[in-house]
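**Student:** Next come a sequence and a model predicted from it.
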Amino acid sequence: MPRSVRLVPVSAAFLALALTACDAGVRGTPGGYGVQDPYFPRAGNGGYDVTHYGLTLSYDPGRHHLTGTAVITARATKDLSALDLDLEGMDVDAVTVEGRDAHWNRAGQELTVRPHDDLDAGETFEATVRYSGTPETITDPDGSQEGWLRTADGALALGEPTGSMAWFPGNHHPSDKASYDITVTVPKGLQAVSNGEPTRQHTTGGRTTFVWHTAEPMASYLATVAIGHYDITRTTIEDGLPVYVAVDPAQRAASRTVLAKIPEVMKWEEDNFGPYPFSSTGAIVDRAEDAGYALETQTRPVFPGAPDTATLVHELAHQWYGDSVTPESWRDMWLSEGFATYAEWLWREDHGGDSAQQTFTALYDGTSDEVDDPDAIWAFPPAKPSSAAHISDPPVYQRGAMVLHKIRQKVGDDAFYDIIQGWAAAHRYGNASTADFTAYVEKRAPHQDFGAIWADWLYGDGKPDRA
């Protein structure tokens, strides 16, 4: 049998039907492509749940060439005759399921795999994909770039919302979280930094291999690899939590003061948000030209150049809200960004700056310097972004934070902090929707009426009344 069977490129839907029809004895059906996310309907796949990714990567910066093997451990959620993986670009060299060659087909971002034998509902299986080629940089609907970003001395992999499919095949939707082992081999003299904790490193034949392990569940858009020249330090904070920081040498001096605040910020956030959910923390600081934005990559946020304190507070707050408690769909992104933005407000309030109420009032009155266009925060409600191009716009961030402030006004400080800490604990390592959040708030404050907050501030069009 050949190492793979290349089928004629047809649509994933047609292929799935054909694969089912060709064998009258099959028990299963195709898993299906896309989970019908309201903004990225082709993202993710049905029929299985990934529990672990084992990624072995080798990158040659000079040739901009990536070779990878992805070992995907998953559980079938129904009887499966075929399953889809998201993979943009790259050349697939071979696919096996449970150690046996599998038929496969490419159609756009879909890699459709037919195992040699059907998979039973509840069965844990292992799919291995070997691939290689030039990894792509993906342009988001809002014009920003993600995926595999080539840098002056290496590369930076960023995944929000769909960029991770540029460098490994998987179930690329935030609703399917998994643990990770990421092994990266690069030319000697370069470093490779990823999520979680380093487990080993060795150099052979002019190339160095770095291995990183993430035990806690992680959405694929939060996975990262940073390849280049870095000053890497490991320290611990007061409770013994490891802090891994990787800084491009050109950013060393500019970053020193703010990165020294990581222990202080972590302690403050634990006091406000509850126990830190992961086994390490830290940061990756690249050059400003390497990325156009900071990102809350799990355990180790990425910053394009030295961050200011507010940005550090924001991205570390995401470790609770966004990384541990991950939005169920991209429509729920305000549960990530609204919380992290409100963390900035609370930090300022506790450190001699404007109170959260003053920040709220300035935004409402149009006198805030947090947004360029004062009317932008009223363009759409936080829980209903107008399109995929706008899921990172001010209504999601600033107006999302305003929703939290309205809840705080309604219930008072003691109940508010009980709510946000309890929310982080109740959905730790899981996913949650806006409906989950509103139900949780109402359950924790049963004697309060939140109808106007939900109707006017969370879901309502236009600028709500101040009251």
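**Tutor:** Nice, I can see it.

**Student:** Helices of the protein, residue ranges please.
**Tutor:** Secondary structure of the chain (DSSP state H): helices at 12-21, 252-259, 262-273, 309-317, 334-350, 356-365, 394, 400-411, 413-426, 434-444, 451-452.

**Student:** Dump those to TSV, plus distance to Trp148, mean neighbour count and mean pLDDT.
**Tutor:** No exception for glycine: its C-beta is placed from N, CA and C like everyone else's. TSV is the format used below for the helices of the chain (distance: least, Cβ to Cβ, whole Å; neighbours: other Cβ atoms under 10 Å; pLDDT from 0 to 100):
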stretch	distance to Trp148	mean neighbour count	mean pLDDT
helix 12-21	23	18	40
helix 252-259	24	15	98
helix 262-273	27	17	98
helix 309-317	21	22	98
helix 334-350	23	23	98
helix 356-365	36	18	98
helix 394	29	24	98
helix 400-411	30	22	98
helix 413-426	32	16	98
helix 434-444	32	17	98
helix 451-452	46	12	98
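
**Student:** Those helices: which one's closest to Met218?
**Tutor:** Closest approach to Met218 among these is made by helix 334-350 (13.9 Å; Cβ to Cβ).

**Student:** May I see the helices of the chain arranged in a markdown table, with distance to Ala152 as well?
**Tutor:** Shown next, in a markdown table, are those (distance: least, Cβ to Cβ, whole Å):
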| stretch | distance to Ala152 |
| --- | --- |
| helix 12-21 | 37 |
| helix 252-259 | 16 |
| helix 262-273 | 26 |
| helix 309-317 | 23 |
| helix 334-350 | 29 |
| helix 356-365 | 38 |
| helix 394 | 32 |
| helix 400-411 | 35 |
| helix 413-426 | 38 |
| helix 434-444 | 41 |
| helix 451-452 | 52 |
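
**Student:** To Ser144, which of these lies closest?
**Tutor:** The nearest among those, by Cβ to Cβ, is helix 334-350 at 14.2 Å.

**Student:** Could you list every helix and strand in contact with the closest one?
**Tutor:** helix 262-273, helix 309-317, strand 326-327, helix 356-365, helix 400-411, helix 434-444 (3 or more Cβ pairs under 8 Å, 6 or more residues apart in numbering; DSSP states H and E).

**Student:** pLDDT wise, what is the closest residue to Thr367 other than its chain neighbours at?
**Tutor:** In space, and not counting its chain neighbours, Thr367 is closest to Pro374: 7.5 Å by Cβ to Cβ, 6 or more residues apart in numbering. We have a pLDDT of 95 for Pro374.

**Student:** ok, now Asp23?
**Tutor:** 42.

**Student:** Off-centre distance for stretch 146-153?
**Tutor:** 17 Å (Cα atoms, centre = their mean, to the nearest Å).

**Student:** repeat for stretch 436-454
**Tutor:** With Cα atoms, centre = their mean as the basis, the mean position of stretch 436-454 lies at 27 Å from the chain mean.

**Student:** go on, stretch 373-387?
**Tutor:** Counting by Cα atoms, centre = their mean, stretch 373-387 comes out at 22 Å from the chain centroid.

**Student:** Figure out the length between the terminal residues of that stretch.
**Tutor:** End-to-end distance for stretch 373-387: 19 Å, by Cα to Cα, to the nearest Å.

**Student:** Contacts for it next, please.
**Tutor:** 39, 141, 331-334, 338, 363, 366-368, 371, 390-391, 393-396, 398-400, 402-403, 434, 457-463 (Cβ atoms under 8 Å, 6 or more residues apart in numbering).

**Student:** so how many other residues sit close to Lys261?
**Tutor:** Lys261 sits with 15 neighbouring residues when counted by other Cβ atoms under 10 Å.

**Student:** returning to that earlier point: as TSV, the helices and strands packed on helix 334-350 with distance to Trp345 would be great.
**Tutor:** Formatted as TSV, the helices and strands packed on helix 334-350 follow (distance: least, Cβ to Cβ, whole Å):
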stretch	distance to Trp345
helix 262-273	11
helix 309-317	10
strand 326-327	20
helix 356-365	4
helix 400-411	6
helix 434-444	18
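
**Student:** Could you give the bridge partners of Glu126?
**Tutor:** Beta-bridge pairing for Glu126 (DSSP bridges): Thr73.

**Student:** Let's see the pLDDT reported for it.
**Tutor:** So, for Glu126, pLDDT stands at 98.

**Student:** cool, the one 5 residues further on as well?
**Tutor:** Tyr131 carries a pLDDT value of 98.

**Student:** ok, so what distance separates it from Glu289?
**Tutor:** In this view, Tyr131 and Glu289 are 28 Å apart by Cβ to Cβ, to the nearest Å.

**Student:** Those two: which has the busier surroundings?
**Tutor:** With neighbours defined as other Cβ under 10 Å, Tyr131 and Glu289 compare such that Tyr131 has more, 22 against 10.

**Student:** Fine, thanks again, bye for now.
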